[in-house]
Every structure is written in structure tokens, then in C-alpha cells.
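In: Build the 3D model from these lines:
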Amino acid sequence: MATKPDFSPAQGAEMVKRLFGLTASDVRSLPSYDDQNFYVAAGEGGEFLLKILNTENSKEASLAAVQTHAMAVLRQKGLPAQAVLPDAAGRLMSLEEADCGHGRQKYLVRLLTYLPGTTISKVPLTPRLLYETGQMAARMDQILQEMEHPHLEVLHREKFIWSLSNVPLLEPYLSVLAGDPLLEVVKSVLHQYNTSVIDKRCSFRSCINHGDFNDLNVLVQPDESGGHRISGILDFGDMNSGYYVYELAIAIMYMMIENPEPTAAGGPVLAGWESVLPLNEAERDCLYVLVLSRFCQSLVLSRHAVILQPANAEYLLVTSRKGGGVLRQLWALGKQRVEELWFQSAAELRDAL
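Out: As a prediction, this is how the structure comes out:
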């Protein structure tokens, strides 16, 4: 069982000083799922993110090394990922042993550059910004798929619960929805996944997925036209070997959450994606069920996480508060109608741009 770190700001400042030789003039805890993040402003200048991995992920140094390398590769290719800074000994990560109230345990620590901007969840999701989101997600996965590293095999995370290959693994967690009308919808989506997606996965194009291209992991800044442009891609902790269509489904699902017209978000994201990577027939046919499957993962696993981390409920349930209603809406509309909306609006947007 993973233990989420619970260091104090003072402990964070001490680590920054001891490991990186920086004097923290400001240290603030940032919301997070199962790791711990601190915003750090240094007296010597600069803003940073101190990232402390949970106990389970801290045991997988090779996985963290691949994630760190992926960020560097994306930056080299012009995508806005964070840089990981070496400590005084030249290491890109340090294994720290400490007691955060759960006994002495080991935590992997990294210091990253702090990217400016606001999360895409807080700005108007115009068709152009959604198009850029789909385009960025596709470019990112293309680059990740070409990446070389001696430990890429660690990305074959066979039982990783957040992988869209592992939707059936949600079954044992469904009790968290007991008494909720959503339970029947989730069961129906899982049935659709088992009967209509699994057999077609052999036709999906494989790649390395970021795995969590959500509305809190994409940063934006104002652009010269009065809109916004993407300025940052955060959190590579869910990277895994998967398929291109998974990343698209994840991006569409999360861009629907804060959209006043959720179903309208799919078309522009799809159009941006297909400007880089047009879908094949099997991928197109499974997109609807994959988007709904990601809603199910988010809803079920966030409620399960609240049982383990009740004090973090506000952050953990950000998606599920609105996601349940969107899932019901998509299920009620049905596959044919939703596909018509997405693929027609994608074609119209491509013609307009």
C-alpha cells in the first residue's frame, strides 16, 4: 500500500537547502493525488517544484528515471515540460529516509523547474484551445514513442490500475458506488469495454502514453489574440506502454469536465489529434467506449482513494463531482449520436482552420 508523503514546509525547505544548496524564501504545499508537491521560491532566485514520491513509487527508481528522461526529451523537441535539476552531488533524484507519521520510510525526491501559467481547467475552453490540446497530446506521444532509454521496459506496467488496458480491474472496487445510480452505468460501460474493445486492441497502434493528460496537468498562458496557448505539461507519474487512442480518449474525457457543453469538447480535441495522427478504423470505433471507460476509472478510483485519504477528499473528488453527470449524459446519448457529434464537428473544424 502506497503511503502519501506528509512532510511539513519546514522539512521541505531543509531538503532544498541540504540537497540543492538553495535557501527557500517561500515554501507552499500544492494539491496532489498520491505524491507531495511543494512550490519553492529561492532566495538566490528562481521558482521550483519539490516533488516527493509516495512510498510505492519511491521503490521504482528506474521508472522515475525514465519519466525524468521523457521530460528532457520533450523539452529538446520544443514541448513545454519541466526540467529536473541535479542536486549538489549531481544526482537527478535522491532517496530520503524520514518519518512523516507512518514510521521511517524512504521517499524519492526531485527538484523541478516551476512552469508559469494556470491550469487549463480555469480558462474558457475555446475550440482553438481544445484543438491545440489534441494536437499537443498527439505530438507528445509521437515523441515519447521515439524515445530511447535503457529501462523502457519498466513502462510495461501490467497491473497499473490507471491504464486503459486494465479497465476490467475496476470490478473489485465497484462496491464504492453501492447505492449510487451510477453503478449500473459503470457496470454497463465495463461490459461494453469487455465485449467491444478488448478484441480490437490488436488493431490499435502502440506507443508510450503520458497517461494523465488532464485539465490539471496542462498549463496555459494568455496569447496575443486574447485567448490562451499551452505553456506546460505536468506530471509524468502515470507514463506507461499503451496505445495512441488511449491518450486521445484521456484528453477528451478531461477536457469535458469543466466545459459548459461537455459533449462539444470532443470534436475539437479529436480534430487537433487527427491533424497529427489520424485514427484507424478500430481506434475510431472504440473511442466512445474508451472515453467512458476513463470516466469510470476516475469516478471509481477517486472514491476509493477518499477512503484511504479522507483529508484529501476535496482534491481527489474534483473530477467525480462533475464527471458523474457527464458520464450519464454520454451514456444516455449513446455511441452513435456521440460519434456523430464528435466526428462531424472535428471535420467542420478542420475545414475552418
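
In: how about the helix of greatest length in the chain: buried residues?
Out: Taking DSSP state H as the criterion, the chain has its longest helix at helix 281-308. Buried residues in helix 281-308, defined by neighbour count with 16 or more other Cβ atoms under 10 Å: 282-306. Where C-beta positions appear, they are placed from N, C-alpha and C, glycine not excepted.

In: and it, average pLDDT?
Out: Computed over helix 281-308, the mean pLDDT rounds to 92.

In: Check stretch 10-19 too.
Out: Here the average pLDDT along stretch 10-19 is 95.

In: Residues contacting it, please?
Out: 7, 22-24, 27, 38, 40, 42, 48, 50, 52, 87-88, 94, 96, 98, 109, 111 (Cβ atoms under 8 Å, 6 or more residues apart in numbering).

In: Flag every buried residue along that stretch.
Out: Buried, per 16+ other Cβ under 10 Å, within stretch 10-19: Q11, G12, A13, M15, V16, L19.

In: quick one: the last one from I52, how far?
Out: Put plainly, it is L19. Distance from L19 to I52, counting by Cβ to Cβ, to the nearest Å: 12 Å.

In: Which neighbours do those two have in common?
Out: V109.

In: coming back round to it: just the buried residues out of the contacts of stretch 10-19, in PyMOL syntax.
Out: To isolate the buried members of these in PyMOL, using 16+ other Cβ under 10 Å:
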select buried, resi 7+22+24+27+38+40+42+48+50+52+87+94+96+98+109+111
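
In: Which of the contacts of stretch 10-19 fall within strands?
Out: 24, 27, 38, 40, 42, 48, 50, 52, 94, 96, 98, 109, 111 (DSSP state E).

In: can you put these in TSV and add distance to M253 and pLDDT?
Out: Supplementary listing: the ones in strands among the contacts of stretch 10-19 in TSV, determined by distance: Cβ to Cβ, whole Å; pLDDT from 0 to 100:
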residue	distance to M253	pLDDT
A24	37	94
V27	33	96
F38	29	96
V40	32	97
A42	37	94
F48	31	96
L50	30	97
I52	28	95
S94	35	93
E96	35	90
A98	36	85
V109	31	96
L111	31	97
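
In: Can you pick out the most distant pair from these?
Out: Maximum pairwise distance in those, criterion Cβ to Cβ, is 21.6 Å, between A42 and A98.

In: What is the burial count for M71?
Out: Counted with other Cβ atoms under 10 Å, the neighbours of M71 add up to 19.

In: Quick check: it touching A83?
Out: Yes. Using Cβ atoms under 8 Å, M71 and A83 qualify as a contacting pair, with a distance of 7.0 Å.

In: Look at the closest residue to L353 other than its chain neighbours and report its pLDDT.
Out: Excluding its sequence neighbours, the residue lying closest to L353 (Cβ to Cβ, 6 or more residues apart in numbering) is Y131, at 7.0 Å. On the pLDDT scale, Y131 is placed at 97.

In: Which SSE is immediately downstream of the helix or strand that contains Y131?
Out: Counting by DSSP states H and E, the element that carries Y131 is helix 127-146. Of the helices and strands lying after helix 127-146 in sequence (DSSP H and E), the nearest is helix 182-196.

In: Centre of the chain to that next one, how far?
Out: Centroid displacement of helix 182-196 relative to its chain, using Cα atoms, centre = their mean, to the nearest Å, is 23 Å.

In: Please point out which parts of it sit buried.
Out: Judged by neighbour count (16+ other Cβ under 10 Å), helix 182-196 contains these buried residues: L182, V185, V186, V189, L190, Q192, Y193.

In: same check, this time on stretch 24-33
Out: By 16+ other Cβ under 10 Å, the buried positions in stretch 24-33 come out as A24, V27, S32, Y33.

In: cool, stretch 36-49 as well?
Out: Q36, N37, F38, Y39, V40, A41, A42, F48, L49.

In: Any idea how far it is from the middle of the chain?
Out: Counting by Cα atoms, centre = their mean, stretch 36-49 comes out at 22 Å from the chain centroid.

In: gap between the two ends of it?
Out: Using Cα to Cα, to the nearest Å, the end-to-end distance of stretch 36-49 comes to 10 Å.

In: and for it, what are the contacting residues?
Out: So stretch 36-49 is in contact with 4-7, 9, 12-13, 16, 22-31, 50-52, 54, 82, 85, 111-114, going by Cβ under 8 Å, 6+ apart.

In: Can you pull out the low-pLDDT segments for the stretch 201-350 of the chain?
Out: Along the stretch 201-350 of the chain, segments meeting pLDDT under 70 span 306, 308-320.

In: got the CA coordinates for stretch 5-14 in PDB?
Out: Below are the C-alpha coordinates for stretch 5-14, written out as PDB (Å, rounded to 0.1, in the frame of the first residue of the first chain):
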ATOM      1  CA  PRO A   5       4.300  11.800   1.900                       C
ATOM      2  CA  ASP A   6       3.300  14.300   4.600                       C
ATOM      3  CA  PHE A   7       6.400  16.500   5.000                       C
ATOM      4  CA  SER A   8       6.000  19.900   6.600                       C
ATOM      5  CA  PRO A   9       7.000  23.100   4.600                       C
ATOM      6  CA  ALA A  10       9.900  23.400   7.100                       C
ATOM      7  CA  GLN A  11      11.100  19.900   6.200                       C
ATOM      8  CA  GLY A  12      10.800  20.700   2.500                       C
ATOM      9  CA  ALA A  13      12.900  23.800   3.000                       C
ATOM     10  CA  GLU A  14      15.500  21.800   4.800                       C
END
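
In: Give me the nearest residue to the residue most central in space within the chain, chain neighbours excluded.
Out: Centroid-nearest residue in the chain, with Cα atoms, centre = their mean: D212, separated by 1.6 Å. Once flanking residues are discounted, D212 sits nearest to D238: 4.1 Å by Cβ to Cβ, 6+ apart.

In: Nothing else from me, thank you.
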